[in-house]
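[1] Kindly return the folded structure for what I paste below:
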Amino acid sequence: MLHKDAINHQKIISKGELLTLALLFLAVLVLLFPRQGLKEQILEEKSNYDLTSIYLHNLIRLEPENADLVLEMAKILYQQKKFHLAKNLLLALREDKTPKIQQEVSLLSLQINNVRLEKEKNIHKKALLLQENATLLSHIADVEYHDINKSKTLYYTALALKEKQTALKFNLNILSQCPRNEQLKWLKNLHYLAHDLNQTTIDKEALLELVKQDTHESILWLDALLSMDKKVILNAKELGLKGDNLAYFYLLTKQADKAIPLYLSLYKEAKNHVEKRAYLLKIIKQLRASNKAKEAATIVQAYEDDYLQESDTIKILLKLYLEAGRADLAKRLSLKLMQKKDIK
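    This is a model prediction of the structure:
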């Protein structure tokens, strides 16, 4: 019969040796296992997921080119709803430095977590899954990707998690490769995110591009830009502004001496009465705001005949003439109105 201490000694040795032997066995298995049977063996595994993960981890360490194979198997497992095993395979790929692998691993991990979140009832477990998603996104946010659709998926996932800083990084990546017809959408998204995060440098760059590209809303973006930084140096030529937008730019940058002649030119070139009236009122408004009512009266008197049948516009002109101290112009316009109505 063996002594009790000898028995204990044997047990202690056997545990340590067991782990060592297991790892050696796995390493040998990696080298000897036929590749064509690997996929089938993994898919048939229904019990020892952790052992399978260790096996694949060693496979990747010794033969890095097999990372794509493991990733494809993880995708198949995901489709088969074998989420636990799929996650273990993905864990084995976490150390891979290839941007494409990093993105694919994170995307698939997020998909698995989202499926689990839909079914999970435990608040604590849900919070852990959400935190893992945020960590996954943050881990790959600074990597430049060339698959724009997957970058968009990551962007929307980050927004859903309220990870705006991470979403902003994905937004920048999307902008660097999206087609021209999508530029405005992602520039606007970038502006709103940068504004919320107080990222003024990025916000200014986004707004400057919006001024250049969004010709229908240039005024809106100019307002936002100058509201953020009144001292920002802007060049009308570089911004590519024209017409009404250019005139408004001059007003925003306190260059009324350039704005009024441009508005007058636009008035003369306008193709319909509605546009003409709008430009006339802008001239009046801007000159009055600059305490130049007399100058406004001198300019608009030449066009008053076009508005004799519009009582609202006539009232504005009469008020302007009186404010400018030009009672003579107000009297002359009143007489024109009387003659128009055949009043003696």
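
[2] For the rest of this, base every contact and every neighbour count on C-alpha atoms.
    Fine.

[3] okay, now Ala256: neighbour count?
    Residue neighbour count, defined by other C-alpha atoms under 10 Å, stands at 19 for Ala256.

[4] Leaving out sequence neighbours, find the closest residue to it.
    Take Ala256 and drop its neighbours on the chain: the residue closest to it by C-alpha to C-alpha, 6 or more residues apart in numbering is Tyr250, 6.1 Å away.

[5] Report the secondary structure element holding the one you found.
    In this assignment (DSSP states H and E), Tyr250 forms part of helix 243-252.

[6] the strands in this structure, which residues?
    In the chain, no strands are found when defined by DSSP state E.

[7] Provide a list of residues in contact with the nearest residue to Gln103 once chain neighbours are set aside.
    For Gln103, the nearest residue in space outside its immediate sequence neighbours is Ile140; the separation is 6.7 Å by C-alpha to C-alpha, 6+ apart. Listed by C-alpha atoms under 8 Å, 6 or more residues apart in numbering, the contact set of Ile140 reads Gln102, Gln103, Ser106.

[8] Could you check how far the second one is from Leu161?
    Okay, so that is Gln103. Distance of Gln103 to Leu161, given as C-alpha to C-alpha, to the nearest Å: 18 Å.

[9] More neighbours: the two, which one.
    In this comparison of Gln103 against Leu161, neighbours counted by other C-alpha under 10 Å, the higher total goes to Gln103 at 23 against 15.

[10] From the contact counts, what lies against the helix holding Tyr250?
    Helix 243-252 sits against helix 218-228, helix 256-269, with contacts defined as 3 or more C-alpha pairs under 8 Å, 6 or more residues apart in numbering; DSSP states H and E.

[11] count of neighbours near Phe249?
    Phe249 has 24 neighbours, counted by other C-alpha under 10 Å.

[12] Pretty sure it sits against Leu220.
    No: when contacts are counted by C-alpha atoms under 8 Å, Phe249 is not listed as touching Leu220 (10.7 Å).

[13] any weak-confidence spans in the stretch 51-200 of the chain?
    Applying pLDDT under 70 to the stretch 51-200 of the chain flags residues 51-65.

[14] What segments of it are helices?
    Secondary structure of the stretch 51-200 of the chain, counting by DSSP state H, counting those that start in this stretch: helices at 67-79, 83-92, 99-119, 123-140, 148-160, 164-175, 183-196, 200-213.

[15] Turn the ones you listed into a markdown table, including distance to Ala297.
    As requested, those are exported to a markdown table (distance: least, C-alpha to C-alpha, whole Å):
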| stretch | distance to Ala297 |
| --- | --- |
| helix 67-79 | 75 |
| helix 83-92 | 76 |
| helix 99-119 | 66 |
| helix 123-140 | 62 |
| helix 148-160 | 54 |
| helix 164-175 | 49 |
| helix 183-196 | 41 |
| helix 200-213 | 33 |
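
[16] Quick one, which of the ones you listed gets closest to Leu322.
    Relative to Leu322, the nearest member of those by C-alpha to C-alpha is helix 200-213, separated by 38.9 Å.

[17] Can you tell me what sits against the closest one?
    Residues from elsewhere that reach helix 200-213, judged by C-alpha under 8 Å, 6+ apart: 184, 187-188, 190-192, 194-195, 217-219, 221-222, 224-225, 239-241.

[18] Separate out the buried members of those residues.
    Those of the contacts of helix 200-213 that meet the buried threshold are 184, 187-188, 190-192, 194-195, 218-219, 221-222, 225, 239, 241, by 16 or more other C-alpha atoms under 10 Å.

[19] just those now: which is nearest Ala278?
    Of all the buried ones among the contacts of helix 200-213, the one with the least separation from Ala278 (C-alpha to C-alpha) is Ile219, at 15.7 Å.

[20] Name the residues of the helix holding Tyr250 that come out as buried.
    Going by 16+ other C-alpha under 10 Å, helix 243-252 has these buried residues: Asp244, Asn245, Leu246, Ala247, Tyr248, Phe249, Tyr250, Leu251, Leu252.

[21] Likewise for stretch 267-281?
    Taking 16+ other C-alpha under 10 Å as the neighbour-count basis, stretch 267-281 is seen to contain the buried residues Tyr267, Lys276, Arg277, Tyr279, Leu280, Leu281.
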